[in-house]
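Participant: fold the following and give me the result.
(2 chains)
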Amino acid sequence: MIQLIHVSKRYDQRSALSDVSFEIGKGEFVLLMGPSGAGKSTLLRMLIGAEQPDEGQIFVHQKNVTMLRRSEIPYLRRKVGTVFQDFRLLPKKSVFDNVALPLLVQGISSADIRRKVTEALRAVGVDHKRDQLPAGLSTGEQQRVCIARAIVNGPVVLLADEPTGNLDPALTSEIIELFKLINARGTTVVVATHDPLVMEQVNRRVLTLSQGTLLPERRVKG
Amino acid sequence: MWTNRATTMVAIVTTAFTLACVGVFLLLYVNLLAAAGWLQDDVKIMVYLEDRLASDSVADIEQQLRSDQAVASLLFISKEQALGEFKAQFPSESHLLEGLGQNPLPASFVVALSPPFHSPDAIYRWAERVRQVAGVSKVDYNQDWIDALAKVIHSIELVAIGIGVILSAAAVTIIANTIRLTLFARRDEIAILRLIGATTSFIHIPYLLEGAVLGSLGSALSLVMLKFMYELFRQQMRATGRFAGLDNLIAFLSPSVCLALIALGMGLGFAGSLVSIRRFGEAKA
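Facilitator: Below is the predicted model:
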């Protein structure tokens, strides 16, 4: 599903990623660990074509992301859901409208939008807040809305960049359970985090980045 | 547009003032062109005939002129009529001619050319051609005046084009800045749209339409302002009484020109948006 082949990226003189290679299969749940500045966010941004590597090849869902034309990138992003630490919800739009956004940009009919948004909101447990503005929600609820937006169009891959960075331990557990549920339905999930609590709760494959270099793989016992 | 209401209003009004300036020059140009047209319509060419020309030859020349497609109207003035007119116009000088014993004034045709032949070049070519006709002694018209008029019209055209281009560029800049402010205010929304798979056209089209609407509204408002100024000017002319009748000769822009101005505003607004979007796109790529 995801493959990186000798990927390197530099910002000025600083190396963000150095000769990183790995493969993630369909339906896997992978943790991308490492301290702040290790290159996790850069790697996730490369997977959705927001950054290009200086060297190497990146494949997502059989597409060579490094070879995609700019006009093809939106179509890749429709296959890859993204969850952010700061949620990135539109403050003046309701929960429903925020979640509907990925469907709206694809020109899907309003009846289908209503059905799919309701399903996504139910899946993350915030359907009862559908008419509220993001400001009226707790941080945990805002992250659930962000996840609902990422899964509403049935992506093949879900990427999450520090999704529990703003959450307390109880909410972190809830969000991790939600990711497990989404993964159980067949979606490949990649969670970038530096939070040891997340690692403890996920008994899955762990890729660790340190100063842009991939360390030997390990599997965590939860 | 409603997100930055104040900025939008300022942009519409500023664009309206800018395009109104273009409109003033256009109005001036259209009316001067019409005035020049009347003056050119009024140009008469005198075709003088040789002395003692047989009446058959005069008839031949008349027939030749009448069948010329460039000739709109023709009036024959005989030697006697010319003398009569001279005496009527210069009664105190008539004794000068009496001293000569015979009538020295030639017979002539007064020719008015049809509108397609009103340009200085066309008049010159026609006069040169008729000068070669047997029996014609001289072809006379006020060439200097016609050339000067053509130069004035050409100068007005150049000034109008120059001012139009400068003010249009100003309108594009005003609208581009407004759209840039809107894009800046919505940069987070645009970034999110990009991340969730919105195509470039999905993101850009609303801003292009906004620019086009701003330009059209600015242009429409400029026409309202222009019409108001035009009516005020006519009223003032009537009130002074010194230019009686002239106020009716001054025309407003025709409906098709008004529509063209609105289309121009729309195009300038679209161009302004495009400039902003391209710069914003390059910055956020």
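
Participant: quick one: name the residues of chain A near chain B.
Facilitator: A:48, A:50, A:70-71, A:74-78, A:82, A:88, A:90, A:101-102, A:105-106, A:149 (Cβ under 8 Å from any Cβ of the partner chain). For the C-beta atoms, the positions are set from N, CA and C on the backbone; glycine is no exception.

Participant: next step: those restricted to strands.
Facilitator: Members of these lying in strands (criterion: DSSP state E): A:Thr82.

Participant: kindly write the ChimeraX command that selects the buried subset of the residues of chain A next to chain B.
Facilitator: The ChimeraX selection below is limited to those of the residues of chain A next to chain B classed as buried (16 or more other Cβ atoms under 10 Å in any protein chain shown):
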select /A:48,50,74,76,77,78,82,88,90,101,102,105,106,149
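
Participant: next step: the residues of chain A next to chain B restricted to helices.
Facilitator: Judged by DSSP state H, the subset of those located in helices is A:74-77, A:101-102, A:149.

Participant: SS state for A:Ile58?
Facilitator: strand (DSSP: H, G, I helix; E, B strand; the rest coil).

Participant: contacting residues around the residue lying closest to it once chain neighbours are set aside?
Facilitator: Residue nearest to A:Ile58 in three dimensions, not counting chain neighbours: A:Val65, with 4.4 Å by Cβ to Cβ, 6 or more residues apart in numbering or on different chains. For A:Val65, the contacting residues are A:46-49, A:58-59, A:76, by Cβ atoms under 8 Å, 6 or more residues apart in numbering or on different chains.

Participant: go again using 7 Å as the cut-off
Facilitator: A:46-47, A:49, A:58-59, A:76 (Cβ atoms under 7 Å, 6 or more residues apart in numbering or on different chains).

Participant: quick check: phi and psi on it?
Facilitator: Here the main-chain torsion angles of A:Val65 (degrees, to the nearest 10) amount to phi -60, psi -30.

Participant: distance check, it against A:Ile73.
Facilitator: Distance, A:Val65 to A:Ile73, using Cβ to Cβ, to the nearest Å: 8 Å.

Participant: who touches both of those two?
Facilitator: Residues touching both A:Val65 and A:Ile73 by Cβ under 7 Å, 6+ apart: A:Gly49.

Participant: please, which helix or strand holds A:Ala160?
Facilitator: Here A:Ala160 sits within strand A:157-161, counting by DSSP states H and E.

Participant: which helices and strands does that strand pack with?
Facilitator: If contacts are counted by 3 or more Cβ pairs under 7 Å, 6 or more residues apart in numbering or on different chains; DSSP states H and E, strand A:157-161 sits against helix A:40-47, strand A:80-84, strand A:188-193.

Participant: now do that strand: everything it contacts.
Facilitator: Contacts for strand A:157-161 (Cβ under 7 Å, 6+ apart): A:1-2, A:41, A:44, A:47-48, A:60-61, A:79-85, A:150-151, A:179, A:182, A:187-192.

Participant: go again with 8 Å.
Facilitator: A:1-2, A:40-41, A:44, A:47-48, A:60-61, A:79-85, A:147, A:150-151, A:179, A:182-183, A:187-193.

Participant: could you check how far B:Glu231 is from B:Val30?
Facilitator: 16 Å.

Participant: between the two, which is the more surrounded one?
Facilitator: For B:Glu231 versus B:Val30, neighbours defined as other Cβ atoms under 10 Å in any protein chain shown are more numerous around B:Val30 (17 against 11).

Participant: got the phi and psi for the more buried one?
Facilitator: Dihedral angles (degrees, to the nearest 10) for B:Val30: phi -60, psi -40.

Participant: ok, A:Arg204 next?
Facilitator: According to degrees, to the nearest 10, A:Arg204 has phi -140, psi -180.

Participant: out of the contacts of A:Val65, who's nearest chain B?
Facilitator: Checking the contacts of A:Val65 against chain B with Cβ to the nearest Cβ, the nearest one is A:Leu76 at 7.8 Å.

Participant: closest to the centroid, which residue in chain A?
Facilitator: Nearest to the geometric centre of chain A sits A:Leu159, at 1.8 Å (Cα atoms, centre = their mean).

Participant: bridging residues for that one?
Facilitator: A:Thr82, A:Val190 (DSSP bridges).

Participant: any idea how far it is from A:Asn166?
Facilitator: 17 Å.

Participant: likewise for B:Leu39?
Facilitator: 80 Å.

Participant: same thing with B:Gln143?
Facilitator: 87 Å.

Participant: now B:Gln63
Facilitator: From B:Gln63 to A:Asn166 the distance is 101 Å (Cβ to Cβ).

Participant: if I read this right, B:Phe280 contacts B:Arg180, doesn't it?
Facilitator: Yes: between B:Phe280 and B:Arg180 there is a contact at 6.7 Å, judged by Cβ atoms under 8 Å.

Participant: where do the helices sit along chain B?
Facilitator: B:5-41, B:55-66, B:79-89, B:94-98, B:120-131, B:143-185, B:187-195, B:200-240, B:246-249, B:255-284.

Participant: tell me, how many residues neighbour B:Ala148?
Facilitator: B:Ala148: 12 neighbours (other Cβ under 10 Å).

Participant: oh sorry, the question was meant for B:Ile262
Facilitator: 18.

Participant: so it touches B:Ala220, yeah?
Facilitator: Yes: if you go by Cβ under 8 Å, B:Ile262 and B:Ala220 touch, sitting 5.8 Å apart.

Participant: quick one: low-confidence parts of the stretch 101-250 of chain B?
Facilitator: B:101, B:241-247 (pLDDT under 70).

Participant: around chain A, which positions in it sit nearby?
Facilitator: So far as Cβ under 8 Å from any Cβ goes, the stretch 101-250 of chain B lies against chain A at B:188-189, B:191-200, B:202.

Participant: coming back round to it: turn the helices and strands packed on strand A:157-161 into a markdown table, including mean pLDDT.
Facilitator: Listed next are these as a markdown table, based on pLDDT from 0 to 100:
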| stretch | mean pLDDT |
| --- | --- |
| helix A:40-47 | 92 |
| strand A:80-84 | 91 |
| strand A:188-193 | 94 |
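
Participant: of the ones you listed, which is nearest B:Thr14?
Facilitator: Ranking these by proximity to B:Thr14 (Cβ to Cβ) places strand A:80-84 first, at 38.9 Å.

Participant: show me what the closest one is packed against.
Facilitator: If you count contacts as 3 or more Cβ pairs under 8 Å, 6 or more residues apart in numbering or on different chains; DSSP states H and E, strand A:80-84 packs onto helix A:139-151, strand A:157-161.

Participant: make TSV out of these and add mean pLDDT.
Facilitator: Output for the helices and strands packed on strand A:80-84, formatted as TSV (pLDDT from 0 to 100):
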stretch	mean pLDDT
helix A:139-151	93
strand A:157-161	94
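
Participant: of all those, which one comes closest to B:Phe76?
Facilitator: helix A:139-151 (91.5 Å).

Participant: how big is the angle separating that closest one from strand A:157-161?
Facilitator: 150 degrees (axes from the mean of the first three to the mean of the last three Cα atoms, to 10 degrees).

Participant: need the CA coordinates for helix A:139-151. CSV is fine.
Facilitator: Written as CSV, here are the backbone C-alpha positions of helix A:139-151 (Å, rounded to 0.1, in the frame of the first residue of the first chain):
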residue,chain,number,x,y,z
THR,A,139,-10.9,18.8,22.2
GLY,A,140,-11.6,15.1,22.1
GLU,A,141,-14.8,15.8,20.1
GLN,A,142,-13.0,18.1,17.7
GLN,A,143,-10.4,15.3,17.0
ARG,A,144,-13.3,12.9,16.4
VAL,A,145,-14.8,15.3,13.9
CYS,A,146,-11.4,15.6,12.2
ILE,A,147,-11.3,11.7,12.0
ALA,A,148,-14.8,11.6,10.6
ARG,A,149,-13.7,14.1,7.9
ALA,A,150,-10.7,11.9,7.1
ILE,A,151,-12.8,8.7,6.8
